[in-house]
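**Student:** next come a sequence and a model predicted from it.
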Amino acid sequence: MSEPILSLEAVTLTYRAADHPDRTVLREVSLDVAPGEAVALVGRSGSGKSSLLHLAAGIAVPTAGRVRLAGHDLGTASERERTLRRREAVGLVFQFFHLLPHLSVAENVALPGWIGGLASGEVNARALDLLQQVGLGDRAHDPVGRLSGGEMQRVALCRALLRRPPLVLADEPTGSLDDRTGREVMDLLLRLTRTEGGALLYVTHSRELAAAADRTLRLVDGRMVAEPAA
Amino acid sequence: MIGYLLRSLRRQLQGSRTLFALTVAGVALGVASVVAIQTLNRGALEAFDGSMRAVSGQADLTVTGTIPTLDETKLVTVLADPDVRAAWPLVRLDAAVAGREGLYLDIVGFDVFAPVRYPLGSGPADTTGADPGRLLRAALTTPGWVALTPEFAAEQGWSVGDTLTVSSGSRLAHLVVGALVDFKAYEPLAPRRLAVMDIAWAQALLGRPGRVHQVDVVLREGADPVAVAARLGAALGPGLRVQTPEQRQEDASGLLAAFRLNLTALSLISVFVGLFLVLTAVQAALVRRRTEFGVLRSLGATPRQVLGLIVAEAALVGLVGVALGVPLGWLAALRNLDSVSGTLTSIYVMEGIEHLTLPLRVVLLAVGVGVAGAVIGAVGPALDMARRDTGLLLAPLNLHRATGRVAGRLAAGSVLVALAATAWFLPWGRHLRAGGFLYGFIMMVCLPLVVPLVVRTVTRPLRPRGIGAALALRNLAARLQTTSLAVAALAVTASMLVGITLLIGSFRATLVTWLDTTIRADVYVSTPSWVRAGNDAFLDRPLLDTLGARTDVRAVEEQRRLRVRTADGQHLVWLSGIRIDGPAGEVLADRLPLAGGDAATVAAGLDRGGVLIGEPLARKGGYAAGDTLVLAGPEGPVALPVVGVAYDYTSEGGTAFVLMDRLVAAFGPTAPNNAALFLEPGIDAEAVVADLQQRYAGRPLVFRSNATLRAEVMAIFDQTFAVTRTLQAMAMLIAVAGVSLTLLIQARERAGELAMLRALGATRRQVFTLFVGEGAAMGALGLMMGMGGGIGLAALLILVINRAWFGWTIQPHWPGAALAGQAALVMLASAAAAVYPALRAGLSDAGRLTRDDL
């Protein structure tokens, strides 16, 4: 088996704040995500799903244990190094899309390319290509405010995939969409990720959507537990 | 609700210290500008008032001459009036203290037996405890006996019995400190440098026995001052003015009107700019607290209660700004005291400001400006908020979109108002003296209203290609509500900077050109007391003869300046008599650049006894070639045919030039005040100056080379605008605070966007750069609009306001380096103002994305 694109080894994450008691949200969690693999992460609210994604993206650092992204240990990396690893290796999809309303559809997709300092011609071509793939090629220059929720999430998918990241992290990507649109978006996410050759780790509350993954992991009170067979 | 208001304020202060500090700073700086200028303006008037009251405080009427002395025998005529209870003559002169450059005594000579307010014989305020009878005897019998203020004597290290050497013109005299009298005990505003002596010694010092400067009159109880003034005027005949103290104050106030109004208008620009800060801060606070207001409304608070809460908070912020702004303004006034005082003495030949007071009236004005400014800034958004659904209305993007939607209407309204104002101004408004100020104010109000449209129009077509300038500009358009205010504040400030820079640069260039034409002699001779005494500082004839006899001197020109009123009393004119060897009229017509008429006609007219008048007098008096200038001479009206109008920048009131013979014929023989030496070819002027300074080392004479005189003139010019630069700096600070405030607000409002950018891999440096870029973009847009506004303002200042109030023609000039400097300053300051917000924005955490962040 090839080296996992993401590897968590006995990771614990505790939030510390001066005026609050410590709060441990993940306890000795371990997981590997192989290249090209689609993994669903399920669990109740507050179980630590989003925190796990933050660790995987290098947004948070583990209190204990080790997080490796594309072969690099994020726990020992500086904030800047983690940012650059994230930029290179991770595509993020959020529940609430988080598109910039003052940019057009294509510009929102191009944003990771701008941040990475890629050549604008290459970025624009790639953005248009992705938008064509999700059926929004003719909306490229529209303001995002004119799009429906499903369309917005499709734009967000394109944005996440712009740099062909080896890992896409999606935090409840269908959470603010109706069932039908959610299924469509999820299908698209899985298809595009596979087409692009990337791995996918996504958080969902839906058993149906989780079933579409290669495997499903469950978090309960910050611990990884075995997911019963469907 | 008051309890809630206080708790709410405390919570905001704790949670948003920087925002609060910047808002207060904006109000404080605006208030400080007003306080500084009003304090200085008041100080200028008080300096005159104090001097007048110290000398003539008990007088109901004062008789003054027009040249400016009068024959002391006029006292008899005054005393003959049945309503006159007492009258006494006074001699006033400014004497330079030898060996102490720039130090003058304000000498008042009076009859020690007259019932004046400084009764040396029984003065309670004599601080030396001397026997009154002995003091009186000493004052009469000791040559040069003078009483000084203890404060001034201590400052100079003088005590009773010390001898001082002073000069009046080229005359030297020795004074003996005879007594130390606290004149402030009689008149709190008395000048520190007041020196009192017997009138006979003062006349001797002046070198004009039998001549006095004024006669102070006390009327019998119940007498009508105006009626007596009219009667005395008729009895005394032409050449004399009889005025009440109020009329004299009005004269002084009128002389300074343009100076004071200009500074007041400039200080109000700072208040205007500060208003944008308050508006920005209140709007941001409302956005932050939209949930709170929503809850208040849902709990039954009426719109009026919520409105009252917001307005009361703004008023309290205004009060805090006032508390800081008043001392800040006071400090700014103190800092500019010397330059304004210098302008008063050198340009307006008035009393310098010795001390400043901060009257309650100015403090109340500051409270009014600060609180009203803050409330005006708050009331718009507060009203809007109180009327509508807070959650929806105050969602940041809704606000920005709403501003975007009304941008076109705002701009259209602004253009319509500007067009209407122009339609009024061009045919009618420009003929009104205050029309220029009103028009300028309307334009300054219109300018910010087009900002949202300009920002949107300029930034919309931009296609970002990275985290760079284009994206920074697009971000400005996305947050139109807040960025427009910051850009508007910068635009108004940049207009002021550019407008004033163009005015000063043009004026400077015009003055340099004018000096090239008029200052042609190699060496100029005057006296230390000339700066202050003017009229009464004479050069003696033997000195002039000696200078004329030097082998290195080709020619000597003499000038006599008289401050004289027009016969109708409307204008105070500097009448300048010039003695030139050779074809005098021709030389003078060539020396003074003509604003109208041809040189040959002017020269012939001057030779025939005509007058060449300066442009300010021509404008203010409505004179043109062919008219007659009628001056109040000592023996009656002196009619001088106006032969031409010359560009003249020597005084604001206006100068009239005649040949010396004509002046002597009309106003009597007197010595000149200064002289100009034309050297033989090849002679080094600086060497001659050095030689003259050495030769006349013990004499009260000032020798300047052509280059030195020019440098001094330009130094006075620069000093005049020193206070303007302070006001510019204050407005700039407010505008820069506006950029900081706006970007800090954006760092909060855009927390989600920034977190998302960080999640997508943007480094802290990229976010920092983006914010600094947005600050610079605001600077660039503000500068772009400010340049346009500034050029318009400069045109208004140069072509309308300056001509109406000062009467000078200023040739437009483009001071490229100064403007480039201003532009660089605006850009750098805007970028620098963005640094702190950018650092805060750079700290954004990718993990802070929440549902409604974007």
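**Tutor:** Looks like it arrived, so ask away. Numbering: from 1, shown residues only, chains lettered A, B, ... in the order given.

**Student:** and the spatially closest residue to B:Arg288 that is not a sequence neighbour, how many neighbours?
**Tutor:** Nearest residue to B:Arg288, sequence neighbours excluded (C-beta to C-beta, 6 or more residues apart in numbering or on different chains): B:Arg748, at 7.1 Å. The way it works is simple: take the backbone N, C-alpha and C, and place the C-beta from them, glycine included. Applying other C-beta atoms under 10 Å in any protein chain shown, we find 18 residues neighbouring B:Arg748.

**Student:** which of the helices or strands spans B:Arg748?
**Tutor:** helix B:722-749 (DSSP states H and E).

**Student:** mind checking what secondary structure the nearest residue to B:Ala834 once chain neighbours are set aside has?
**Tutor:** Once flanking residues are discounted, B:Ala834 sits nearest to B:Gly775: 2.4 Å by C-beta to C-beta, 6+ apart. Here B:Gly775 is helix, with the state taken from DSSP: H, G, I helix; E, B strand; the rest coil.

**Student:** now for the residue nearest the centre of chain A: which residues touch it?
**Tutor:** Residue closest to the average C-alpha location in chain A (C-alpha atoms, centre = their mean): A:Leu169, at 1.5 Å. Applying C-beta atoms under 8 Å, 6 or more residues apart in numbering or on different chains, we find A:Leu169 in contact with A:Leu53, A:Ala56, A:Ala57, A:Val90, A:Gly91, A:Leu92, A:Val93, A:Leu201, A:Tyr202.

**Student:** tell me the buried residues in the top helix by length along chain A?
**Tutor:** Scanning chain A for the longest helix, with DSSP state H as the assignment, gives helix A:179-196. Across helix A:179-196, burial judged by 16 or more other C-beta atoms under 10 Å in any protein chain shown covers A:Thr181, A:Gly182, A:Arg183, A:Glu184, A:Val185, A:Met186, A:Leu188, A:Leu189, A:Leu190, A:Leu192, A:Thr193, A:Glu196.

**Student:** contacts for it?
**Tutor:** A:36, A:38, A:93, A:130, A:133-134, A:148-150, A:153-154, A:157, A:161, A:164, A:168, A:170, A:173-175, A:177, A:199-200, A:202, A:204, A:206, A:208-209, A:212-213.

**Student:** which of those are buried?
**Tutor:** A:36, A:38, A:93, A:130, A:133-134, A:149-150, A:153-154, A:157, A:161, A:168, A:170, A:173-175, A:177, A:199-200, A:202, A:204, A:206, A:209, A:212-213.

**Student:** now, these that are in helices?
**Tutor:** Per DSSP H, the buried ones among the contacts of helix A:179-196 map to helices at A:Leu130, A:Gln133, A:Gly149, A:Gly150, A:Gln153, A:Arg154, A:Leu157, A:Leu161, A:Leu209.

**Student:** list the buried residues in the strand or helix carrying B:Arg840.
**Tutor:** Using DSSP H and E, B:Arg840 sits in helix B:835-842. Within helix B:835-842, the residues that count as buried by 16+ other C-beta under 10 Å are B:Tyr836, B:Pro837, B:Ala838, B:Arg840, B:Ala841, B:Gly842.

**Student:** output the contacting helices and strands for that helix.
**Tutor:** Packing partners of helix B:835-842 (3 or more C-beta pairs under 8 Å, 6 or more residues apart in numbering or on different chains; DSSP states H and E): helix B:722-749, helix B:764-796.

**Student:** the last one vs helix B:835-842, what angle?
**Tutor:** Between the axis of helix B:764-796 and that of helix B:835-842 there is an angle of 150 degrees, by axes from the mean of the first three to the mean of the last three C-alpha atoms, to 10 degrees.

**Student:** do the first one as well
**Tutor:** Between helix B:722-749 and helix B:835-842, the angle comes out at 10 degrees (the same axes, to 10 degrees).

**Student:** next SSE after helix B:722-749?
**Tutor:** helix B:751-759.

**Student:** the longest strand seen in chain A and chain B, are they touching?
**Tutor:** For chain A, the strand that runs over the most residues, judged by DSSP state E, is strand A:20-33. No: if you take C-beta under 8 Å from any C-beta of the partner chain as the test, strand A:20-33 misses chain B, and the best it gets is 11.7 Å.

**Student:** mean confidence for stretch B:112-127?
**Tutor:** Per-residue pLDDT values over stretch B:112-127 give a mean of 60.

**Student:** which parts of the helix holding B:Arg748 are buried?
**Tutor:** Within helix B:722-749, the residues scored as buried using 16+ other C-beta under 10 Å are B:723-749.

**Student:** so A:Leu128 touches A:Ala140, yeah?
**Tutor:** Yes: in this structure A:Leu128 lies within contact range of A:Ala140 using C-beta atoms under 8 Å: 5.9 Å.

**Student:** need the contact list for the residue in chain A that chain B sits nearest to.
**Tutor:** Nearest to chain B, among the residues of chain A, is A:Arg87, at 2.5 Å (C-beta to the nearest C-beta). A:Arg87 makes contact with A:Pro112, A:Ile115, A:Gly116, A:Arg163, B:Leu760, B:Gly761, B:Ala762, according to C-beta under 8 Å, 6+ apart.

**Student:** specify which member of those residues is nearest to A:Thr63.
**Tutor:** Nearest to A:Thr63 among these, counting by C-beta to C-beta, is B:Gly761 at 23.8 Å.

**Student:** can you show me the strands along the stretch 451-600 of chain B?
**Tutor:** Per DSSP state E, counting those that start in this stretch, the stretch 451-600 of chain B carries strands over the ranges B:523-526, B:553-565, B:572-579, B:594-596.

**Student:** output the contacting helices and strands for the shortest one.
**Tutor:** Judged by 3+ C-beta pairs under 8 Å, 6+ apart, strand B:594-596 is in contact with strand B:636-646.

**Student:** can you tell me the strand partners of the strand it packs on and which way each runs?
**Tutor:** strand B:594-596 (antiparallel), strand B:611-614 (parallel), strand B:628-633 (antiparallel) (DSSP bridges).

**Student:** good, wrapping up.
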